[in-house]
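predicted structure and sequence below. I'll ask about it afterward.
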Amino acid sequence: MKSLSLGRYAPFNSLVHRLDPRSKLLILVLMMVAVFYGYSSQVMTFVMGGILLLIIFVMLLVSRVSLRQLFSSLKALWIMIIILLLINVLVPPLGASRIAFSVGTYHIFWESILQSAKIILRLVMMISLTLILTATTKPLDLTYALEWYMYPLKLIKFPTHEIAMTISIALRFIPTLLDETMRIMNAQASRGVDFEHGKVKEKIKAILSLIVPLFMSAFQRSEELANAMEARGYNPRAKRTRYRNLHWGGGDTFSLLLATILTAGVILTSVMNWNYVEMIFNITTWSVGL
């Protein structure tokens, strides 16, 4: 848990770090659309998923986010992955007919395995994109970007600044609460609490010994933060100036254009029902025939 990297800002000077947070948020939305778009066949799902995964891998390298950080962030999802696998295996999708193997009289279908693999692939890409955003964007810059996009809602008296600040503080407190959890776990372990072994009743007691002080610490930190903001004269409804203004550059336009082209290509591939595997096979066969 201590090595979980989601929500932690990594201070580097990469190309992605220098992009405007507004463009990074918009690129994230476009990439999420591309990741979760559906296709008519399982083959095209994994072909396009592999292409997107390769592009996201390049983005991780450019933003200087290591694969170790990604794997650390994925550790928290292993329980969800196991549950998804069990659900897809026990409740096969409609029309499943290809049997992979059998356990006694119960059949495990290839459609169930491929469906589980598709969900896991999308989860990995989703976490990777979120990790890139949080690792390359300061929480305050992210607040400015969110508030900028919600600016039209001010016309209907919507509290855009309060919402943006709440989201920013929540993201900021993710690594803080994780560190606090590790500190409490170590303190309780030194007092003889075992979080890994024992019966169900003992594990429930161990978890309660972690959750109760964690909640108390979170409430205390939130109260201290509120008092500090009030002592500094923070007023969300007042007109505010900024020390650092956002600047949209040529790199932001170029990056957003690439993300738009990629997402448009994904949507067009799905709508037109293109099959690149068959296209490549036909072109190869035609070339060999010549």
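Yes, it's here. Numbers count the residues shown, from 1 in each chain.

for H247, phi and psi?
Dihedral pair for H247: phi -130, psi 120, per degrees, to the nearest 10.

show the contacting residues for it.
Residues near H247 by C-beta atoms under 8 Å, 6 or more residues apart in numbering: D20. C-beta coordinates here come from the backbone N, C-alpha and C atoms, glycine included.

may I see the buried residues of the helix or strand in which L208 is found?
Using DSSP states H and E, L208 maps to helix 200-231. Going by neighbour count (16 or more other C-beta atoms under 10 Å), the buried part of helix 200-231 is 206, 209-210, 213-214, 217.

avg pLDDT for that helix?
Computed over helix 200-231, the mean pLDDT rounds to 83.

swap in stretch 91-105?
So the average pLDDT for stretch 91-105 ends up being 69.

pretty sure A34 contacts L52?
Yes. Contact criterion C-beta atoms under 8 Å: A34 and L52 qualify, at 6.1 Å.

okay, which residue is most central for this protein?
In the chain, the residue lying closest to the centroid (C-alpha atoms, centre = their mean) is I127, at 2.9 Å.

next, count neighbours for L60.
Around L60 there are 20 other residues, counting by other C-beta atoms under 10 Å.

quick one: low-confidence ranges for this protein?
Across the chain, the stretches falling below the confidence threshold (pLDDT under 70) are 1-7, 76, 92-97, 100-101, 103-104, 198, 242-243, 274-290.

in it, which spans are strands?
99-103, 106-109 (DSSP state E).

then the shortest one to PDB, C-alphas only?
Included here for strand 106-109 are C-alpha records, laid out as PDB according to Å, rounded to 0.1, in the frame of the first residue of the first chain:
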ATOM      1  CA  TYR A 106     -19.200 -27.700 -15.700                       C
ATOM      2  CA  HIS A 107     -17.800 -26.100 -18.900                       C
ATOM      3  CA  ILE A 108     -15.600 -23.000 -19.100                       C
ATOM      4  CA  PHE A 109     -16.100 -21.200 -22.300                       C
END
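
which helices and strands does it pack with?
For strand 106-109, the packing partners by 3 or more C-beta pairs under 8 Å, 6 or more residues apart in numbering; DSSP states H and E come out as strand 99-103.

on that earlier part again, chain center to the helix holding L208, what's the gap?
25 Å (C-alpha atoms, centre = their mean, to the nearest Å).

hmm, who's touching stretch 153-169?
139-140, 142-144, 146-147, 150-151, 225, 236, 240.

which of the residues you listed lies closest to K199?
L225 (39.0 Å; C-beta to C-beta).

excluding its backbone neighbours, what's nearest the closest one?
Spatial nearest neighbour of L225, excluding adjacent residues (C-beta to C-beta, 6 or more residues apart in numbering): I169 at 7.3 Å.
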